[in-house]
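Participant: Only the shape, not the letters, is given here:
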């Protein structure tokens with residue numbers, strides 16, 4: 001089987017520390033082109049991976065013979081660039097959140113259907129070992145009926161990680177559309193859907209900017225969610241956790257409480273109602289902190305889907321359902337009202 005010819009559009013931190021590294025490590029992938037509007041950034045990455053550098057994605061798509069594209073751009077460009085790549089005959093792996101509106105996400109899904117190409121959204125939390133084990137325990141009935149949950153994702157903010165620091169697009173509403181809720185909250189929206197295997201129907205939220213006076217997007221958000229079967233819980237997203245990252249999820253069930261990524265030594269702790277406790281060492285979750293750039297498994301899954309001609313587990317439809325929770329949270333915060341999510 002010939003190698004998959006891949007281009008990475010956008011050469012910022014998410015591309016440099018995840019997509020490019022993982023494509024380069026894959027034995028059946030060849031990085032043939034990269035693109036960034038900052039010429040020096042594109043050229044530096046191109047030199048590192050022996051690829052061709054572009055500053056215009058449309059020129060790249062016209063000139064290069066490709067199998068697949070990673071879209072690692074500011075949120076407002078996810079939809080137009082993904083659609084262009086799909087229409088050019090490429091499979092697309094798009095960073096999250098997949099789009100800035102329901103309509104944009106639908107347009108991406110329709111473009112994938114028309115082209116017959118794969119569209120995958122990069123929700124890497126589904127591939128974390130503790131999350132997969134927890135899903136297995138819940139599905140087996142070992143936790144019993146689920147009553148409630150709390151899930152959080154917070155760190156000090158993208159300025160410590162983004163290629164452009166405080167001047168990054170992450171903080172600009174016209175480019176990002178949404179702040180911590182889109183950067184981190186959508187990860188947890190997708191994760192809790194994955195763990196519980198349910199959709200959410202009701203959202204109440206406060207989405208605010210109270211930590212970064214230079215940002216025009218939210219940096220703190222707390223959401224109350226209700227699932228179709230009546231499970232209720234909280235989702236928190238923050239760019240104001242200065243002393244360290246929180247990436248924990250706790251599931252409260254009839255027979256057990258699951259603590260995921262809530263302990264420094266054990267990635268999953270199960271406290272059973274009969275008094276037994278089981279502690280799992282399953283490796284650390286991928287993190288933005290020093291030493292946290294472990295393999296996300298997203299690239300491997302994407303390439304497998306292409307080569308085996310299977311739909312990826314995180315399709316455009318899946319990405320849209322997770323995005324809907326975030327859009328509903330924004331609406332709730334803006335209107336001060338409880339929001340129902342249409343299924």
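Facilitator: Sure, I can see it. In this text the structure is predicted, and so the values were computed from the model without any measurement.

Participant: so where's the chain shaky on pLDDT?
Facilitator: 1, 284-294 (pLDDT under 70).

Participant: what's the domain layout of it?
Facilitator: Structural domains of the chain, as assigned by automatic domain parsing, span the residue ranges 4-124+298-312, 127-288+321-340.

Participant: for the shortest one, how far is the first residue from the last?
Facilitator: Domain 4-124+298-312 has an end-to-end distance of 16 Å (Cα to Cα, to the nearest Å).

Participant: residue boundaries of the helices in the stretch 101-250 of the chain?
Facilitator: When assigned using DSSP state H, counting those that start in this stretch, the helices of the stretch 101-250 of the chain occupy the ranges 102-115, 129-140, 173-176, 180, 186-196.

Participant: Show me what the longest one is in contact with.
Facilitator: Meaning helix 102-115. With contacts defined as Cβ atoms under 8 Å, 6 or more residues apart in numbering, helix 102-115 is touched by 78-79, 82-83, 86-87, 89, 92, 94, 98-99, 118-119, 315-317, 319-320, 323-324, 327. C-beta: built from backbone N, CA, C; applies to glycine.

Participant: Filter those down to the buried ones and hand me the PyMOL line.
Facilitator: In PyMOL, selecting the buried portion of these, with burial taken from 16 or more other Cβ atoms under 10 Å, looks like this:
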select buried, resi 78+79+82+83+86+92+94+98+99+118+119+315+316+319+320+323+324+327
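
Participant: which outside residues touch the helix or strand harbouring residue 306?
Facilitator: Counting by DSSP states H and E, the element that carries residue 306 is helix 298-307. The contact list for helix 298-307, computed with Cβ under 8 Å, 6+ apart, reads 1, 4, 18-19, 22-23, 26, 28-29, 67-68, 91, 93, 118, 120, 122, 124, 127, 310-313.

Participant: Among those, which ones are in helices?
Facilitator: Per DSSP state H, helices hold the following members of the contacts of helix 298-307: 22, 23.

Participant: Mind checking which of the contacts of helix 298-307 are buried?
Facilitator: 4, 18-19, 22-23, 26, 29, 67-68, 91, 93, 118, 120, 122, 124, 127, 312.
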